[in-house]
Each structure stands twice: as C-alpha cells, then as structure tokens.
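Engineer: Let's see this in three dimensions:
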Amino acid sequence: YEDMGDVFERIGRLQEAMQAYKCAMGYVLEHEYVQRARLQRKHALTWQERPAHPEGTNHIYALQGYKEAERLLEQASAELKAGWQQEWIQLQLARLLPMRSSVDEMTLVIEKMQPIVEQYGTAEQHGRFYLAVCLRDLARDHYVVSEQTVLYGRNALAVAERIGDRNLLGFAHLALGGSLLWSDHMDEAEENIHAAMRVGEQIGDATLFARCLT
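Structural biologist: Next up, the predicted model:
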C-alpha cells in the first residue's frame, strides 16, 4: 500500500495516494513509531501538494499531519530506532518543499534542522535543504537576490548533478535560474531555465515545464 501511495503521489493522483497511505497505516503496529511517522508524513504531503485552497485548509491539514508525525517520532528513541534521523530530516524537508509555508515558518524549520542535516543528512537531503534555503531567501528578500542566495542554488545543483536525481536536478536548475534572473545574470539564467525545461520534458513534469515557460 505504501508503494502504491508513492506511485500515485508521483503521478499526481493525490486522492488515491492518500487512501493508499491510510490503508498502509492499518498494517503498522502501535509501537512502530518511525514507520507510522513516515506514513503520516506522506499522507500530510498529499494535502500540501494539492492546489492552494482559498481558505488555506489544505495547508492547515498538512501542518496538522506533520505535527502528528513529529509527535510519533518523539515517542521513539533516536538512539534505538534505525532510520530515526533520516525520517526526522525527511519530515522537516516536507514542511519546506513544495513551498507552501510563510517565510517565518520556513525560517523556524531551517534553523531547527540545519545542524541535524549537516551531521546526518544524505546527499539528496543536503541538496533539498539548499533548495529550501534558496527559495526562502528569495521570498524573504522580495527577490532582491544576494550572492549567498545564488550560492545556495549552485550548491543544490551540484548535489543533484552528482547523485543523478532528475527530479532534484530539474528543480535545482529552475531555482538557480530564477536566482540568476533576479540578480541580472541573464545569459546563465536562460541556460539553467532551458536545462530545467529539458528535464521537465524528460520526466513528464508539466508543472516544472510551465514554471520554466513563465
């Protein structure tokens, strides 16, 4: 059921993904806190990935789900439960990407998770963290882009290229392209946005492709 949910989530069939994750939860034992937290996180993500609701209810439901996932992790021992740190980092990243939170909310998560992701994070998690900081900085600074923000975009792209994750690669090219665009590096911005567009075509990501066209 969890695998089915992952597939449905990837192709945008979010209602079916949500139902699959609910079914998976029915097979997890009460004391398996990390696994329960992982399913709760994925279930909350299906709310976050939906189109924004005028009353903000999707964001509220997602935050409630993430809060419950964190509560479950707090019941598990970080020292005794394999994968605790990884799931905790994934939970924080889910709160950051896709970007639905306010700048203040993102900043609180970034400051809380930075020392943990630096010590325990995988290469992919480092890349997604750099992306989140880049996007937070763009919003915080009202698109007056500093060289530090551009550097976070470059770091995210370097990680994506090294590990070969095409989903991360497309997002990283777009984020870097946007940072370069608003800092008046037009030629390099265009190169990165075209690169992101090519990835969007290759993996069938219509949202990424549309953002590149915009």
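Engineer: What segments of the protein are helices?
Structural biologist: 2-10, 14-25, 33-48, 57-74, 84-96, 103-120, 123-140, 147-163, 166-182, 186-203, 206-213 (DSSP state H).
Engineer: Quick one: the ones you listed as TSV, columns for mean pLDDT and mean neighbour count too.
Structural biologist: Using the backbone N, CA and C atoms, a C-beta is placed for each residue, glycine as well. As requested, these are exported to TSV (pLDDT from 0 to 100; neighbours: other C-beta atoms under 10 Å):
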stretch	mean pLDDT	mean neighbour count
helix 2-10	94	16
helix 14-25	97	18
helix 33-48	95	23
helix 57-74	92	17
helix 84-96	94	21
helix 103-120	94	15
helix 123-140	96	22
helix 147-163	97	19
helix 166-182	96	23
helix 186-203	96	17
helix 206-213	90	15
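Engineer: show me the residues around the residue nearest the centre of the chain that make contact.
Structural biologist: Taking C-alpha atoms, centre = their mean, the centroid of the chain lies closest to L97, which sits 3.0 Å from it. By C-beta atoms under 8 Å, 6 or more residues apart in numbering, the contact set of L97 is 128, 131-132, 135, 171.
Engineer: Just give me the closest of those to A156.
Structural biologist: A156 has its nearest neighbour among those in L131, at 4.5 Å by C-beta to C-beta.
Engineer: nearest residue to the closest one other than its sequence neighbours?
Structural biologist: Distances taken as C-beta to C-beta, 6 or more residues apart in numbering place A156 nearest to L131, at 4.5 Å, with adjacent residues excluded.
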